[in-house]
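*Asks:* Model the structure of this input:
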Amino acid sequence: MDIQLGKAGIQHADVIAPLFDAYRIFYGKTSDLPKARAFIGERLEREESVIFYACDREHGAVGIVLETGRGNLGAQRLYESFGYVRDEGYYTYCLALPAPAATGSL
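*Replies:* Residues are numbered from 1 along each chain as shown. As a prediction, the model looks like this:
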């Protein structure tokens, strides 16, 4: 299996935009692909967001992992209606990173 992992750059904005537009639609916004493309492109260009991707060039994608809040029952029902299965075996951990120093030398 030839899986490629990478950090998305501005060149990936056109591929990411439809996913972000679908996310917006799910949360009750109207579809606006140009606006989604502009938003994602700006975030990536300014390095305000980090988006990672994985693709299996040989066989296509092998799976998709989604996350949502425990209280977001609507999203949970939606995901399960598409065949997603809640993973009961793992916990997600997050670590807040300190803000970079505004000035100073190393």
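
*Asks:* Need the pLDDT of Tyr23.
*Replies:* Looking at Tyr23, its pLDDT reads 82.

*Asks:* For the chain, which element, helix or strand, carries the lowest mean pLDDT?
*Replies:* Of the helices and strands making up the chain, the lowest-confidence element is strand 52-56, at a mean of 74, by mean pLDDT, DSSP states H and E.

*Asks:* in that one, what's buried?
*Replies:* By neighbour count with 16 or more other CB atoms under 10 Å, strand 52-56 contains no buried residues. For the C-beta atoms, the positions are set from N, CA and C on the backbone; glycine is no exception.

*Asks:* now the helices for the chain?
*Replies:* Secondary structure of the chain by DSSP state H: the helices cover 13-26, 33-45, 73-81.

*Asks:* out of the ones you listed, which comes closest to Tyr53?
*Replies:* helix 13-26 (8.3 Å; CB to CB).

*Asks:* could you check the angle helix 73-81 makes with that closest one?
*Replies:* If you take axes from the mean of the first three to the mean of the last three CA atoms, to 10 degrees, helix 13-26 sits at 120 degrees to helix 73-81.

*Asks:* which helices and strands does helix 13-26 pack with?
*Replies:* In this structure, helix 13-26 packs against helix 33-45, with contacts taken as 3 or more CB pairs under 8 Å, 6 or more residues apart in numbering; DSSP states H and E.
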